[in-house]
Every structure is written in structure tokens, then in C-alpha cells.
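Q: Could you work out the structure for the sequence below:
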Amino acid sequence: MKKLILIVLCIGLLCSAISASANDEWGAIGGTPYTTDYVYVVENETVTLINGNITDSNGVAVIPSSIEGYPVTTLADSLFFVDAMTKKIIIPDTVTTIHCNFNSCMNLTEIEVDPNNQTFSSIDGNLFNKNNTTIIRYPTGKTAPSYTIPDSVTTIAKGAFKYCKFEIITIPSGVTKIESEAFSGPYLKDIYFAGSQEQWENAVGQANLELNENAT
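A: This next block holds a predicted model:
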């Protein structure tokens with residue numbers, strides 16, 4: 001009996017050691033452990049934000065401009081993964097790279113970007129690059145029945161309108177590139193493109209748009 005208890009204790013200690021080792025390895029990524037508020041990586045004296053307690057009780061997620069004195073420059077693709085709480089995201093001027101596309105933020109209605117950000121901008125709560133030539137993300141939680149893309153846009157980024165709820169979208173003739181999965185979900189019914197059929201085909205290229213079978 002004593003021998004059995006000893007074996008069980010040894011197994012328990014071994015599991016604890018493995019768990020601690022895994023946590024230590026994860027916590028030390030980039031040489032800096034994560035805190036209780038944020039999971040992040042520090043590389044080249046800049047922060048990649050992986051996850052964390054960002055969204056407050058009102059559904060507003062304020063991305064920190066710095067953590068432990070290092071500027072937050074990158075948002076990892078795991079950020080806001082499967083998120084039903086966030087309604088608004090505020091992005092600081094320090095962020096230069098966004099890997100997450102907020103597809104899982106099903107109640108997100110607004111993305112706000114600091115006007116001093118030199119990489120991104122926002123128009124009517126939608127995420128664009130700085131010069132507004134690429135629309136990056138239209139929030140999934142918006143419920144407007146239609147959307148007209150600004151004339152400045154030439155590129156519709158991958159997943160820009162994924163799972164969006166509008167039924168009608170108007171695309172200007174200046175759009176020359178539509179990336180894969182730009183449109184996806186059951187709601188979209190009508191696409192109005194201001195250019196020619198040839199322009200549309202060139203813009204779409206080999207992109208997989210995953211259109212509703214009733215979309216025209």
C-alpha cells in the first residue's frame with residue numbers, strides 16, 4: 001500500500017514538474033514573462049500582444065500603447081479569438097502590424113484608430129490602411145442593411161467582410177484587387193460593382209469569395 005502511494009505521489013510530482021516547465025517556457029517567450037493582464041512577447045524591444053484581459057464591462061477593448069515600457073506594435077492572430085463581449089476596439093498609434101482580423105468578434109460594431117497612427121486608420125468604425133486604399137475589416141456586429149465602399153479603396157483585404165450582416169454592397173470601379181474570403185457568410189445577396197465585367201474578373205482573380213449561392 002505504501003509502495004502504491006509512493007508511486008502515485010511520484011507521478012503527481014512528475015506531472016507538476018512537466019506543467020511548471022511548460023508554463024515557464026511559455027512565460028519566458030522572448031525573454032519576458034506574461035503578466036496577469038496580458039499575454040505577450042517582447043522582441044527587439046517591441047511587444048506582440050497575444051491575449052489578455054482587454055475588454056471592459058461596457059464591451060470596450062483598449063489596446064495598450066505600451067506594456068512594461070515597451071511599445072505594443074503587433075496584434076497576434078489569437079487576439080480576440082472567439083469573442084462575444086467586445087463591441088468596440090481602440091487601437092493606439094504604436095500598432096503597425098495586425099494579424100488578427102476580428103472575425104470572431106461577433107458583436108463588434110466599431111474599430112477606432114488613433115489619428116496619429118501611421119499605418120492604419122478608421123472611417124465610420126471600419127478599419128483601413130493609413131491612406132484608405134485598402135479596407136481591412138468591416139465589424140461583424142454592424143447591422144446596417146447595406147454598405148458602400150469609399151472611392152479611395154483599391155484593395156479589399158482577405159476576410160474584410162467575413163460574416164458581415166449586410167445584404168447589399170456597392171464596390172467602386174477603382175477596386176483592382178479582391179483577396180480571398182473577402183466576402184463570406186449567409187447574408188450577402190447583391191454586389192454592385194461600378195466597373196466593367198472584365199475589371200471585376202481581374203479584381204477577383206483566383207480569390208475564393210465564398211459567396212452566398214443567392215448572391216448576384
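
Q: what about the nearest residue in space to residue 203 that is not next to it in sequence, distance to residue 193?
A: Among residues not flanking residue 203 along the chain, residue 178 sits closest, at 5.0 Å (CB to CB, 6 or more residues apart in numbering). Glycine gets a C-beta too; all of them are placed from N, C-alpha and C. Using CB to CB, to the nearest Å, residue 178 is found at 10 Å from residue 193.

Q: more crowded one of these two?
A: The neighbour count for residue 178 versus residue 193, taken as other CB atoms under 10 Å, is higher for residue 178 (21 against 18).

Q: Run through the neighbouring helices and strands of the helix or strand harbouring residue 147.
A: Using DSSP states H and E, residue 147 maps to strand 146-148. Using 3 or more CB pairs under 8 Å, 6 or more residues apart in numbering; DSSP states H and E, the elements in contact with strand 146-148 are strand 168-171.

Q: Relative to the strand it packs on, what are the paired strands and their orientations?
A: With DSSP bridges as the test, strand 168-171 is paired with strand 146-148 (parallel), strand 190-193 (parallel).

Q: can you redo those strands as TSV with distance to residue 48?
A: Listed next are the strands paired with strand 168-171 as TSV, based on distance: least, CB to CB, whole Å:
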stretch	distance to residue 48
strand 146-148	31
strand 190-193	36
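
Q: Worst mean pLDDT among these?
A: Lowest mean pLDDT of the strands paired with strand 168-171: strand 190-193, a mean of 94.

Q: Mind listing what's buried along that strand?
A: Within strand 190-193, the residues that count as buried by 16 or more other CB atoms under 10 Å are residue 193.

Q: average pLDDT across the next helix or strand after it?
A: Helices and strands here follow DSSP H and E; after strand 190-193, the next one along the chain is helix 197-204. Across helix 197-204, pLDDT averages out at 92.

Q: Likewise for stretch 76-95?
A: Per-residue pLDDT over stretch 76-95 has a mean of 92.

Q: measure that stretch end to end?
A: 11 Å (CA to CA, to the nearest Å).

Q: before we move on, what about stretch 147-154?
A: Across stretch 147-154, first to last residue, CA to CA, it's 16 Å.

Q: List the contacts of it.
A: The contact list for stretch 147-154 (CB atoms under 8 Å, 6 or more residues apart in numbering) reads 123, 128, 131-135, 138, 156, 161, 164, 166, 168-172, 174-177.

Q: mind listing which of those are in strands?
A: Counting by DSSP state E, the contacts of stretch 147-154 place 123, 128, 134-135, 156, 161, 168-171, 177 in strands.

Q: Can you tell me which of those lies closest to residue 66?
A: Residue 66 lies nearest to residue 128 out of those, by CB to CB, at 24.1 Å.

Q: Which residue is the nearest non-sequential neighbour of that closest one?
A: residue 121 is the one closest to residue 128 (CB to CB, 6+ apart), at 5.0 Å.

Q: State the phi and psi torsions of the one you found.
A: Reported as degrees, to the nearest 10, the phi and psi values for residue 121 are phi -150, psi 170.
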